[in-house]
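Trainee: sequence and predicted structure are below.
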Amino acid sequence: MKKYLILNVFMLCAALSFSQGDVTLGMRIAALRYPEVGVPQNDLMPVVVSGKIGFVNRDGEVALPPTYDKEREIETYRFRDGLMIVKKNGKYGYLNTKLEEVIPCQFEEVRPFDDGLAAVKKDKMWGFIDKKGENVIPFGYKRVCSFSFGMAAVVGDVDSIGFIDKFGIMTIPCQFDNVGQPAFMEDGRCAVRKNGVGVFIDKKGNVIGNMSEGDAEPQLTKPVLKSAKDEFSMASYQLAETPYDDAWPFVDGYSIVMKKEGNEKRFGVVSIKGKEVVPCSFDQIAGPFRGPVSYFIIKKSTGYGAYDVDGKEILPCEYQSIGKEGSQLIMIEKDGKKGFADASGKVVIPCQFEDARPFNAANVTAVEEKKKDKMVWNFIDRTGKVIASPAYDDALAFVNGVCPVQRKGKWGFVNESLKEISSLKYEYTFSDIREKWSYLRSLPGDPIPVSRAGKYGFIDMKGKEVIKCQYDEALAFRNGLARVKMNGAVTYIDKKGQVVDNQTPANRKSIRQSMDEQPVVTKEKSGMKALVYEDETSGKETVTPYIFDDFGANYIDGLAPVKVVGKWGLINAKGEIVVPCIYDGIEISEQGTAIVRVGSKKGFINKMGESLLPLSNAAKAQWIPIRR
């Protein structure tokens with residue numbers, strides 16, 4: 001019995017060792033208590049008890065008792081677009097990552113969310129809902145397909161197929177007998193059959209080409225690889241140096257790494273040149289952050305400190321916290337009070353404030369202090385001198401020369417001269433303005449979303465209301481477009497407030513980018529997978545062969561992870577394998593680098609598969625046969 005239990009633990013650990021999410025010790029122990037466990041994701045792991053699905057957290061504690069019906073494989077219980085399909089009392093609904101049933105179990109059938117919409121069935125008819133559960137496309141269809149590049153195939157009153165867009169507009173009337181899957185492709189084509197004749201149509205329903213009789217799918221670009229037999233010949237390959245127990249993607253040329261010392265975790269920093277600039281000797285590390293110098297926040301038992309990117313100590317580990325940004329000075333905290341230090345570590349403004357924001361390029365920031373038994377926000381200069389009056393009830397950080405301020409629940413904006421460029425008349429929830437303002441930090445010059453009388457609009461950086469407050473919802477601009485909602489309809493506007501035509505190629509591309517859609521899709525045939533991508537400059541489409549077991553992230557810097565026979569490697573934009581599938585895990589990082597895993601240990605490679613870290617004698621001996 002003891003031998004069996006040890007084997008069972010080993011098998012569970014192996015099953016969980018390479019999955020989405022952080023598999024903690026608590027989760028591994030919890031896995032022993034349940035007959036079935038799912039894939040950890042968002043610090044949660046699905047578990048099964050008596051045919052019911054529940055969840056445990058990263059500590060192995062019950063986060064949600066077994067509540068929902070298990071009606072599919074446990075591995076498929078995953079969050080998609082932040083929501084997971086669940087079933088209770090014969091009806092389907094959705095959970096969010098807080099395990100809240102944000103969309104009640106009320107539907108007969110449902111599909112996963114795709115670009116903010118999900119197909120659902122109610123009273124034997126299909127429609128679409130948004131993430132709030134609102135019916136944005138009415139229940140009026142006998143059958144529907146998920147959206148594919150902005151279009152969804154539907155079956156209406158007659159038993160023929162037509163197409164609607166994301167606004168529910170029937171852009172192509174019901175007339176077809178069958179459609180290909182997926183329906184519309186990246187190049188705007190869709191394979192359809194009408195009266196037994198197969199053709200390709202565009203998004204306006206125009207016939208743009210013939211399809212050969214019996215074609216299962218469109219004939220795309222000829223694959224680069226010929227066959228597994230031709231291209232996966234045997235060779236030997238040098239494994240990378242993998243000395244770390246964990247590693248994170250490079251940011252601005254630096255990666256945080258971790259080594260275990262017994263039960264303790266020790267963190268350090270490696271540069272993209274393969275040098276360990278900060279040794280693995282700290283309890284925690286975060287960064288790099290941009291301030292008077294680029295720096296990392298480090299933690300020891302004595303407190304928080306800061307190192308520069310060359311591994312030189314800026315601030316000793318004696319503070320309660322260190323600020324994560326600031327163009328001129330670094331924020332520090334001691335004894336519950338905030339102050340500021342310069343790039344040499346000298347304290348130039350003593351820790352005396354209740355709270356503070358980072359300094360901007362004009363050497364101005366907002367600080368909170370107690371005045372006459374009331375907490376207020378003032379602005380100070382680099383010396384700590386108050387330079388503006390009257391005080392505010394709240395103030396955020398400067399972004400592109402503008403700072404939001406609040407008094408008596410109303411928000412306005414001041415410039416770097418501390419002049420109010422807009423009166424305090426806008427309404428935000430605390431989380432709403434912080435989310436939008438944080439997002440705007442990387443978008444200089446774009447109109448700013450504001451709220452007044454329950455409606456959203458936009459002002460420019462001078463405080464002028466350039467798009468009046470008229471929308472029920474509004475997101476910040478991205479790639480020149482903002483997503484807005486009015487009278488239940490969701491659309492996109494440009495910086496002049498004009499609704500964009502989502503049928504033009506340029507606007508479709510901008511909308512796709514604003515929604516974080518990737519111009520890359522995968523296809524599957526006979527249990528094998530291929531990757532399809534479109535070059536955004538030339539528009540040329542390329543399809544890899546159907547010889548891969550799985551794919552990781554989409555193309556990043558011209559590279560994509562692929563899995564063959566249980567091992568991971570990299571392919572380039574031509575579909576050619578540039579790093580053989582020899583690793584137990586691989587993750588794309590910046591500047592053509594990747595994190596690789598051998599067993600439980602991690603290291604780094606460049607786009608040619610060469611180790612970024614110097615090879616030890618043990619690593620030099622790790623030559624293995626591969627299929628290249």
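Mentor: Noted; the coordinates are in hand.
Trainee: pass me the low-pLDDT residue ranges in the stretch 501-628 of the chain, would you?
Mentor: Counting by pLDDT under 70, the stretch 501-628 of the chain shows low-confidence ranges at 501-521, 526, 533-541, 544-547, 553-555, 573-575, 623-628.
Trainee: ranges for the helices of it?
Mentor: 505-514, 617-620 (DSSP state H, counting those that start in this stretch).
Trainee: quick one, helices of this protein?
Mentor: All helices of the chain, identified by DSSP state H, fall at 2-16, 25-33, 228-231, 430-440, 505-514, 617-620.
Trainee: what's the burial count for residue 267?
Mentor: By other CB atoms under 10 Å, the residues close to residue 267 number 23. Quick note: C-beta positions are derived from backbone N, CA and C, even for glycine.
Trainee: quick check: bridge partners of it?
Mentor: residue 258, residue 282 (DSSP bridges).
Trainee: does it touch residue 286 like I think?
Mentor: No: with contact defined as CB atoms under 8 Å, residue 267 does not count as touching residue 286 (9.2 Å).
Trainee: shared neighbours, the two?
Mentor: Common neighbours of residue 267 and residue 286 are listed as residue 256 (criterion: CB atoms under 8 Å, 6 or more residues apart in numbering).
Trainee: may I ask which helix or strand of this structure has the lowest mean pLDDT?
Mentor: Ranking every helix and strand in the chain by mean pLDDT, DSSP states H and E puts helix 228-231 at the bottom, with a mean of 28.
Trainee: can you tell me which residues contact residue 367?
Mentor: Residue 367 sits in contact with 338, 353, 354, 355, 356, 357, 377, 378, 379, 380, where contact means CB under 8 Å, 6+ apart.
Trainee: quick check, nearest of the residues you listed to residue 192?
Mentor: Nearest to residue 192 among these: residue 357, at 56.9 Å, using CB to CB.
Trainee: wait, what's in contact with residue 333?
Mentor: Per CB under 8 Å, 6+ apart, neighbours of residue 333: 319, 320, 321, 322, 339, 351.
Trainee: my read: the third one touches residue 304, true?
Mentor: I take that to be residue 321. Yes: contact criterion CB under 8 Å: residue 321 and residue 304 qualify, at 5.7 Å.
Trainee: would you write out the ChimeraX command that picks the buried residues out of the contacts of residue 367?
Mentor: Buried subset of the contacts of residue 367, written as a ChimeraX selection, criterion 16 or more other CB atoms under 10 Å:
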select :338,353,355,356,357,377,378,379,380
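Trainee: in strands, which of the contacts of residue 367 appear?
Mentor: Here DSSP state E is the test, and the contacts of residue 367 give 338, 353, 355, 356, 377, 378, 379, 380 as lying in strands.
Trainee: the fifth one and residue 370: what is the separation?
Mentor: The one in question is residue 377. Residue 377 sits at a distance of 11 Å from residue 370 (criterion: CB to CB, to the nearest Å).
Trainee: ditto for the first one
Mentor: Here the criterion is CB to CB. By it, residue 338 lies 13 Å from residue 370.
Trainee: domains of the chain?
Mentor: Domain ranges of the chain: 142-219, 234-240+519-627, per automatic domain parsing.
Trainee: contacting residues around the residue lying closest to residue 277 once chain neighbours are set aside?
Mentor: Leaving aside its sequence neighbours, residue 277 sits nearest to residue 311 (CB to CB, 6 or more residues apart in numbering; 4.2 Å). Residue 311 is in contact with 269, 277, 278, 279, counting by CB under 8 Å, 6+ apart.
Trainee: ditto for residue 123
Mentor: When contacts are counted by CB under 8 Å, 6+ apart, residue 123 touches 108, 139.
Trainee: tell me the phi and psi of it?
Mentor: phi 50, psi 40 (degrees, to the nearest 10).
Trainee: so residue 497 sits against residue 466, correct?
Mentor: Yes: taking CB under 8 Å as the definition, residue 497 is a contact partner of residue 466 at 7.4 Å.
Trainee: between the two, which contacts overlap?
Mentor: Common contacts of residue 497 and residue 466, defined by CB under 8 Å, 6+ apart, comprise residue 458.
Trainee: circling back to that earlier point, and which of the contacts of residue 311 is nearest residue 125?
Mentor: For those, the residue nearest residue 125 by CB to CB is residue 269; the value is 56.9 Å.
Trainee: wait, the closest one touches residue 285, no?
Mentor: Yes: if you go by CB under 8 Å, residue 269 and residue 285 touch, sitting 6.4 Å apart.
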